[in-house]
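okay, here's the prediction I keep looking at, along with the sequence it came from:
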Amino acid sequence: MSEVQPETDARGIAEEARARVRFEEEVLELSDQVYRVARRLVSTREEAEDLVQETYARAFRSWRSYTPGTNLRAWLFRILTNLNIDRGRREQRSPATQPLEEGDYFLYNRLEADGGSEDEARVVERLSQDEIVQALAEVPHDFRDVIVLVDIGDFTYQDAAQILDIPIGTVMSRLHRGRRILKKELAEATVGDSG
Amino acid sequence: MVYMGSDPCAKCEEMLQPFLDRELSEDEYAIAEAHLDECGYCRKRYKFEETLRRYVRQAVVEEMPPELKQKLAALRTPL
């Protein structure tokens, strides 16, 4: 028995090493997606790069806490969003200063009123890339996190709820409200406040 | 069954996001689609929203710098 033990141990160690390599490879394959989401959770490219590196350092360190066969993307993005909160990047606006959102037709109505009737694709093209990036950055964190996970990260509501540790109903209400706030910000950036 | 009520365009506006997120029930879809078939005002705004979502996504997606990918690979456990 005692002669078999070292061999079993060696096999166990080798298996664990293989599992770890596989895990690290799978996690690295997700890095483009992680960066895209991280980039819009924080303000600058440097912050995004730091956040992604911290996420990977922690993921590699805590790989044993991942249960094989479960949702690796959600597991990894949960580390990302938790680190983002821990790093104090969430200067929450008080409710009083959160922009009031309008209805869902608001942006189209404003653009149409401003520039006459055109086809829908043309109307959209009047928004510049910088204006869109800036408008998204203006959306308060709680709302923006959900928009970024669902609309950029392609997560389901269920996954977003798991990642952010909030009920799915909250994901839906933040998403809907956040998109309305985004449209209001876009309207202000594009046609001004008074139009 | 969902009824559009006295202001069908307002109801249709409320259904815009769940419609595009495919969150509506079959009944709700049927009602929204029936309204969209006959209402150019709402149809334009639905098309705009669809295009806007694609456009926003393209605008805000920034690709990862290649150096960062190398830095991440370097964080792996040494064999």
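Now that the structure is in, tell me what you want to look at. Residues are numbered from 1 along each chain as shown, chains lettered A, B, ... in the order given.

doesn't B:Q70 make contact with A:E49?
No: A:E49 is beyond contact range of B:Q70, at 11.9 Å (criterion: CB atoms under 8 Å). The way it works is simple: take the backbone N, C-alpha and C, and place the C-beta from them, glycine included.

okay, the two: which has more neighbours?
Counting neighbours by other CB atoms under 10 Å in any protein chain shown for A:E49 and for B:Q70 shows that A:E49 has the greater number, 20 against 9.

in which helix or strand does the more buried one reside?
Counting by DSSP states H and E, the element that carries A:E49 is helix A:45-61.

go on, B:K71?
Counting by DSSP H and E, B:K71 is part of helix B:66-74.

quick check: buried residues in that helix?
Neighbour-count burial for helix B:66-74 flags B:L68, B:L72 (criterion: 16 or more other CB atoms under 10 Å in any protein chain shown).

for that helix, list the C-alpha coordinates in PDB.
Only the C-alpha atoms of helix B:66-74 are listed here, as PDB (Å, rounded to 0.1, in the frame of the first residue of the first chain):
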ATOM      1  CA  PRO B  66      -2.200  43.300 -27.500                       C
ATOM      2  CA  GLU B  67       0.400  44.000 -24.800                       C
ATOM      3  CA  LEU B  68      -2.300  43.400 -22.200                       C
ATOM      4  CA  LYS B  69      -3.000  40.000 -23.600                       C
ATOM      5  CA  GLN B  70       0.700  39.200 -23.100                       C
ATOM      6  CA  LYS B  71       0.600  40.600 -19.500                       C
ATOM      7  CA  LEU B  72      -2.300  38.300 -18.700                       C
ATOM      8  CA  ALA B  73      -0.600  35.300 -20.100                       C
ATOM      9  CA  ALA B  74       2.400  36.100 -17.900                       C
END
